[in-house]
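# predicted model, plus sequence, below.
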Amino acid sequence: MSQRRSGRPTLADVAALAGVGPITVSRALRRPDQVSPATRERIERAVAELNYIPDPQARILASGRSDVIGVILPSLTNNVYADVLQGIYDGVAGAGFQIQIGNTRYDPEEEARLVPLFASQRPAAMLLTGIDQTEPTRAVLEAAGFPVVQIMEKGDDPIDMIIGFSHFDAAQAAVRHLLSRGYRRIGVLGARMDPRLMRRQEGWRAALAEAGLPWREAISPEPSSATMGRKLAAELMDAEPDLDALFCANDDLALGALFECQARGIAVPTQFGIVGFNDLEMMAAAVPSITSVQTRRYRMGRLAIEMLVERIAGRRPAQTNVDLGFELIERESTRRG
């Protein structure tokens, strides 16, 4: 009767057809492992026969939250966040939650719009990028009542939980590596200076100042790419003809810098050193291979989701402020002699 009245099958319709109670159907749909295989099979046949689609709003009213984890990232095309997403999806597999993704396109105003929108849908939890949320955004999240994890950075005052690394320390280590290999006229390439890139800038400037060296930078507001890396490298080499090394704030910039050196007949690493950042796959595949700062992006995404699932279940993770660190992977682009 309920199906005929509404034109849409209900949970009660599924229960009647499967010969079980509505609570059993609800449990089978939310936590299949808690229902016997035979009962689950009858329910699955009933769902398929009726073309039943669960009502998310009814579930929210019943439980106080949805089974959705909101994930807000600055990019869905950047390889860095592709690795994070892989970790997120692997971490949530089998946990009974769905991922809802928002893309800020590196725009803090878009994040400020998306967070209240996601929060109004009463998610089970939310994952955010970085530590630079606006005060109103932070207030929404602090009052929301669901677990929150911030990723990609470390910080002493997280909204709830945080997992990442120090961009300052990582960039500083990259420049110190060039100095340790005997390079002294070091330039830096950067693009689309989001807050994490700005913290890298603080790190590379600190390392250069520590060595008594000037800042030689070529920075573009446009997105990072190999084409942009070659363009910026050419501009800086023309302006600073005595350069003997480049730290590139992203790996695609480093690849472009390598292309520019090859076009100019500059031998890497004997005449010129190059260091990238993030250690994407192409750094090992380049000829010569490129030294880069390895960031643990997959592990970050996976552990962040595991922390959220623990909190949703009412358990406190062993660590709520996790520094995954980084590792400088030395390759041919800085191996002199």
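Yep, that arrived.
# only C-alpha atoms, please: export stretch 32-45 in PDB.
This file holds the C-alpha atoms of stretch 32-45, laid out as PDB (Å, rounded to 0.1, in the frame of the first residue of the first chain):
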ATOM      1  CA  PRO A  32      25.700  -6.000   6.500                       C
ATOM      2  CA  ASP A  33      28.200  -7.900   8.700                       C
ATOM      3  CA  GLN A  34      25.600  -7.800  11.600                       C
ATOM      4  CA  VAL A  35      23.000  -9.800   9.600                       C
ATOM      5  CA  SER A  36      23.200 -13.500   8.700                       C
ATOM      6  CA  PRO A  37      24.100 -14.300   5.100                       C
ATOM      7  CA  ALA A  38      20.700 -16.000   4.400                       C
ATOM      8  CA  THR A  39      18.700 -13.000   5.700                       C
ATOM      9  CA  ARG A  40      21.000 -10.500   4.000                       C
ATOM     10  CA  GLU A  41      20.500 -12.400   0.700                       C
ATOM     11  CA  ARG A  42      16.600 -12.200   1.000                       C
ATOM     12  CA  ILE A  43      16.900  -8.500   1.800                       C
ATOM     13  CA  GLU A  44      19.200  -7.900  -1.200                       C
ATOM     14  CA  ARG A  45      16.700  -9.700  -3.500                       C
END
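# which residues sit against that stretch?
Applying CB atoms under 8 Å, 6 or more residues apart in numbering, the external contacts of stretch 32-45 come out as 14, 18-20, 24-25, 27-29. C-betas here are computed from N, CA, C, even on glycine.
# give me the three-state assignment for the residue lying closest to L253 once chain neighbours are set aside.
Of all residues not flanking L253 in the chain, G229 sits nearest, at 3.5 Å (CB to CB, 6 or more residues apart in numbering). Using DSSP: H, G, I helix; E, B strand; the rest coil, the structure places G229 in helix.
# model confidence score at G229, please.
Looking at G229, its pLDDT reads 98.
# how about A12?
Looking at A12, its pLDDT is 88.
# just to be sure, it is in a helix?
Yes. Judged by three-state DSSP, A12 forms part of a helix.
# quick one: it and P22 touch, right?
Yes. Look at A12 against P22 with CB atoms under 8 Å: they come within range, at 5.6 Å.
# the residue nearest to L253 and A249, how far apart?
In this view, G229 and A249 are 10 Å apart by CB to CB, to the nearest Å.
# which residues do these two both contact?
In contact with both G229 and A249: 189, 191, using CB under 8 Å, 6+ apart.
# where does L189 sit: helix, strand or coil?
Once three-state DSSP is applied, L189 turns out strand.
# hmm, it is touching A233, no?
Yes. Taking CB under 8 Å as the definition, L189 is a contact partner of A233 at 6.3 Å.
# need the residues touching each of the two.
Common neighbours of L189 and A233, using CB under 8 Å, 6+ apart, are 218, 246, 253, 257.
# from G265, how far out is the first one?
From A218 over to G265 the distance is 20 Å, taken as CB to CB.
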